[in-house]
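# I would like the atomic coordinates for the input below:
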Amino acid sequence: MEAVVILIMALLFFAFVGLGVYVTVKAVGAAKRGVDRTITQARRTVEDTTLRAKSYGQVGMGGELAQLRLSLRTSMRATQEALATGITADASLSESVALFERLSEYGHQLDDELRRLERDPDKSRAAERMPELRDRTEQVVQSADSLRWAVRDRARKFADDDLATLSEQIRMESGALRHWDAVEPDEARGAGPAAQGPARTWAEVSDDVTPGASGAGAPAGGASAAEKDRAADSGPQAITARDPQRQTAYPWQKAPRPESTT
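Below is the predicted model of the structure:
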């Protein structure tokens with residue numbers, strides 16, 4: 001028995017130790033990713049600030065290269081953010097995201113090439129390649145801008161359609177809440193079926209028709225429902241024999257013929 005207890009305690013101890021190691025590894029990994037993300041963001045901010053300063057402060061090929069890199073990075077980053085925001089609400093943008101990933105790889109290669117050209121000491125060779133690099137950068141920027149604005153236009157179109165549908169539903173609901181406007185004039189004049197009291201049911205109509213009707217199938221004026229209620233409330237009635245002189249006649253019965261005295 002003591003060996004079983006010791007074994008259970010050892011298993012619990014190792015389980016807690018393993019859980020602690022797992023939680024520690026996950027926490028360290030999350031912290032490392034956070035630090036890497038912060039470092040990357042800081043490096044990107046510093047590089048963008050440097051490129052902006054070079055594009056404004058330098059003249060000639062150095063300033064033009066900085067301007068090309070800045071426009072390329074700004075356009076690609078804005079398109080990436082637009083796609084990341086749109087994919088959460090519109091799953092059909094998955095193909096657009098795949099296309100942007102391919103364009104992003106080409107953009108990174110172009111940015112690396114522009115960076116190397118900035119540090120190249122042979123300025124004459126760099127000047128010869130400037131027209132080609134300028135055209136390629138403009139093409140990538142135009143593609144990224146086109147994709148970004150298409151995503152934004154799509155999101156705005158969906159938002160406008162949803163707003164129009166919502167406005168129509170609210171208009172219909174407002175009309176339904178103001179339904180008294182259509183029936184109030186009739187009620188004020190006392191016209192319409194509502195002013196004449198509740199409609200009679202077939203059971204009530206059959207109660208008003210008495211069996212002793214005069215004429216073939218014509219209903220005679222019998223006691224009303226209120227009179228029947230008052231008669232029922234007056235108490236029990238005496239039980240008497242049927243009077244042969246007041247026997248109820250039905251329309252299908254023939255009148256008795258008088259006996260002949262001859």
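# Check the spacing between residue 11 and residue 25 real quick.
According to C-beta to C-beta, to the nearest Å, residue 11 and residue 25 sit 21 Å apart. C-betas here are computed from N, CA, C, even on glycine.
# ok, now residue 75?
Going from residue 75 to residue 25 by C-beta to C-beta gives 39 Å.
# how does the chain divide up, domain by domain?
As assigned by automatic domain parsing, the chain contains the domains 1-57, 60-175.
# Mind telling me which of the ones you listed the model trusts least?
Lowest mean pLDDT of the domains of the chain: domain 1-57, a mean of 77.
# Show the contacting residues for residue 51.
Residues near residue 51 by C-beta atoms under 8 Å, 6 or more residues apart in numbering: 66, 67, 69, 70, 73.
# is it fair to say the fourth one lies in a helix?
Yes: under DSSP: H, G, I helix; E, B strand; the rest coil, residue 70 sits within a helix.
# which one is it nearest to, not counting chain neighbours?
Once flanking residues are discounted, residue 70 sits nearest to residue 51: 4.4 Å by C-beta to C-beta, 6 or more residues apart in numbering.
# This structure: helices as residue ranges?
Taking DSSP state H as the test, the helices found in the chain are 2-57, 61-87, 94-119, 123-177, 180-189, 202-208, 225-233.
# any idea which of those is most buried?
Burial of these is given as mean neighbour count (mean count of other C-beta atoms under 10 Å); helix 61-87 ranks first at a mean of 18.
# Kindly calculate the angle that it makes with helix 123-177.
30 degrees (axes from the mean of the first three to the mean of the last three C-alpha atoms, to 10 degrees).
# before we move on, back to that, nearest to residue 131 among the contacts of residue 51?
residue 67 (14.7 Å; C-beta to C-beta).
# dump the residue contacts of that closest one.
Counting by C-beta under 8 Å, 6+ apart, residue 67 makes contact with 51, 55.
# Same question for residue 72.
Residue 72 touches 107, 110, 111, 114, 137, 140, 141, counting by C-beta under 8 Å, 6+ apart.
# how does it look with 6 Å?
By C-beta atoms under 6 Å, 6 or more residues apart in numbering, the contact list for residue 72 reads 111, 137.
# What separation do you get for residue 132 and residue 146?
Taken as C-beta to C-beta, the span from residue 132 to residue 146 is 21 Å.
# If you could redo that for residue 38, that was the one I meant.
On the measure of C-beta to C-beta, residue 38 and residue 146 end up 32 Å apart.
# next one: residue 85
Counting by C-beta to C-beta - residue 85 and residue 146 are separated by 17 Å.
# repeat for residue 105
18 Å.
# got it, and residue 138?
For residue 138, the distance to residue 146 (C-beta to C-beta) stands at 12 Å.
# Residue 87 now?
Distance of residue 87 to residue 146, computed by C-beta to C-beta: 18 Å.
# for residue 166, same thing?
30 Å.
# same check, this time on residue 177
Distance, residue 177 to residue 146, by C-beta to C-beta: 47 Å.
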